[in-house]
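Enquirer: Below is the sequence, then the predicted model.
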Amino acid sequence: MTIVLILGVSLMLSMLMMLAWAVQRRLGNAGWVDVVWSFALGLAGVIYALVPAPAIAWPGPRQILVAALVAIWSMRLGFHLLARTRNGPEDVRYAAFRQQWGAGFERRLFWFLQIQAAAAALLAISMLLAVRNPRPLGVMDAVALAVLGVAIVGEAVADRQMRRFRAEAANHGKVCDTGLWRLSRHPNYFFEWLGWVSYPLFAIGSGGAVGWLAFSGPAFMYWLLVHVSGIPPLEERMLHSRGEAYRAYQARTRAFLPLPVSSLPDSRSPDSPPPDSREP
């Protein structure tokens with residue numbers, strides 16, 4: 001039954017990303033695919049939480065709690081991306097793809113979005129494992145709730161700070177380094193990742209090693225954000241558009257973890273790339 005459920009949710013994610021491809025093609029803005037992806041992944045988590053499972057009283061308190069948290073996370077992120085996409089230009093990552101892929105953009109984007117669907121299916125497994133923990137709510141669930149709450153609020157604060165910065169005409173062409181952005185070049189990515197840490201915490205204690213498999217979610221999300229589709233392409237574009245100002249920002253600010261570092265110009269954090277590592 002669980003395998004059938006996973007296959008069904010994975011197929012749903014694939015079809016929704018096909019829809020995302022069709023929407024962005026019609027509207028001419030590939031940023032819409034991130035909107036659909038956020039809502040689709042949230043829907044997958046809610047389905048996993050609310051489908052009855054053997055040996056678990058349904059609907060159990062953990063299932064209801066996780067379903068509510070997943071829905072809050074998905075709607076907050078999805079509506080934020082919707083407002084940004086509807087009122088702004090195409091996301092710099094997709095704009096770069098459009099330029100690099102040329103005439104093959106639509107075809108390559110279609111398959112790229114199917115990879116995103118597969119990534120969402122893998123991430124959703126952490127949500128499934130979280131709600132399949134048969135044990136009563138305990139201290140670890142409270143910790144998980146606190147972690148996810150901090151993640152949702154932190155990401156919302158980071159997004160709002162960036163939105164306000166961009167709204168000021170005097171900041172056009174400048175680098176945002178205030179608030180959480182003074183501690184991390186990508187605090188929104190950090191809090192997005194932190195939210196995924198909560199699902200293994202909900203899953204721990206389910207018996208055996210099954211619950212620990214949920215750590216695959218935050219591990220995979222970290223890899224995506226820090227090494228693949230998050231920080232690397234975005235920082236390449238920022239170096240191209242902001243030049244030395246962004247290079248100086250890299251030198252004084254960590255890439256991911258929101259922790260203060262020395263403000264000396266030659267100070268670099270362990271997770272920051274060399275100054276010319278992504279020279280366009």
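Expert: Here it is on my side, so go on. Residues are numbered from 1 along each chain as shown.
Enquirer: Quick check: residue 124 is in a helix.
Expert: Yes - assignment of residue 124 by DSSP: H, G, I helix; E, B strand; the rest coil places it within a helix.
Enquirer: can you pull the contacts of it?
Expert: Residue 124 makes contact with 9, 13, 41, 44-45, 48, according to CB atoms under 8 Å, 6 or more residues apart in numbering. The way it works is simple: take the backbone N, C-alpha and C, and place the C-beta from them, glycine included.
Enquirer: Closest one of the residues you listed to residue 105?
Expert: Residue 105 has its nearest neighbour among the contacts of residue 124 in residue 13, at 22.2 Å by CB to CB.
Enquirer: Enumerate every residue touching the closest residue to that closest one other than its chain neighbours.
Expert: Nearest non-adjacent residue to residue 13, counting by CB to CB, 6 or more residues apart in numbering: residue 117, 4.4 Å away. With contact set as CB under 8 Å, 6+ apart, residue 117 has these partners: 10, 13-14, 16-17, 40.
Enquirer: can you rerun that using 10 Å?
Expert: Going by CB atoms under 10 Å, 6 or more residues apart in numbering, residue 117 touches 10-18, 20, 37, 40-41.
Enquirer: Now do the helix or strand where residue 94 lies: distance to the chain's middle.
Expert: Using DSSP states H and E, residue 94 sits within helix 92-101. The chain centre lies 20 Å from the centre of helix 92-101; the measure is CA atoms, centre = their mean, to the nearest Å.
Enquirer: Give me the helices and strands touching that helix, please.
Expert: Counting contacts by 3 or more CB pairs under 10 Å, 6 or more residues apart in numbering; DSSP states H and E, helix 92-101 packs against helix 32-50, helix 105-131, helix 231-242.
Enquirer: following the longest one, which helix or strand comes up?
Expert: Reading on from helix 105-131 to the C-terminus, the next helix or strand found by DSSP H and E is helix 139-167.
Enquirer: just how off-centre is that following helix within its chain?
Expert: Mean-position distance between helix 139-167 and its chain equals 12 Å (CA atoms, centre = their mean).
Enquirer: on that earlier part again, what's the most buried one of the helices and strands packed on helix 92-101?
Expert: Most buried of the helices and strands packed on helix 92-101, by mean neighbour count (mean count of other CB atoms under 10 Å): helix 32-50, with a mean of 22.
Enquirer: Just give me the residue closest to the centre of the chain.
Expert: Taking CA atoms, centre = their mean, the centroid of the chain lies closest to residue 192, which sits 4.8 Å from it.
Enquirer: Counting neighbours, what do you get for residue 78?
Expert: Residues lying near residue 78 (other CB atoms under 10 Å) number 19.
Enquirer: how close does it get to residue 17?
Expert: Distance, residue 78 to residue 17, using CB to CB, to the nearest Å: 14 Å.
Enquirer: again, but for residue 184
Expert: Residue 184 is 29 Å from residue 17, where distance means CB to CB.
Enquirer: Regarding the residue located most distally from the centre of the chain, what is its secondary structure?
Expert: What lies farthest from the middle of the chain is residue 55; by CA atoms, centre = their mean that is 32.0 Å. Put simply, residue 55 is coil when judged by three-state DSSP.
Enquirer: got the contact list for the residue lying closest to the residue nearest to the centre of the chain once chain neighbours are set aside?
Expert: Ranked by CB to CB, 6+ apart and with sequence neighbours excluded, the top spatial neighbour of residue 192 is residue 155, at 5.7 Å. Each residue near residue 155 by CB under 10 Å, 6+ apart is listed here: 73, 76-77, 80, 180, 187-195.
Enquirer: at 8 Å what do you get?
Expert: Contact partners of residue 155, counting by CB under 8 Å, 6+ apart, are 76-77, 187-188, 191-192, 195.
Enquirer: That concludes my questions; thank you for your assistance.
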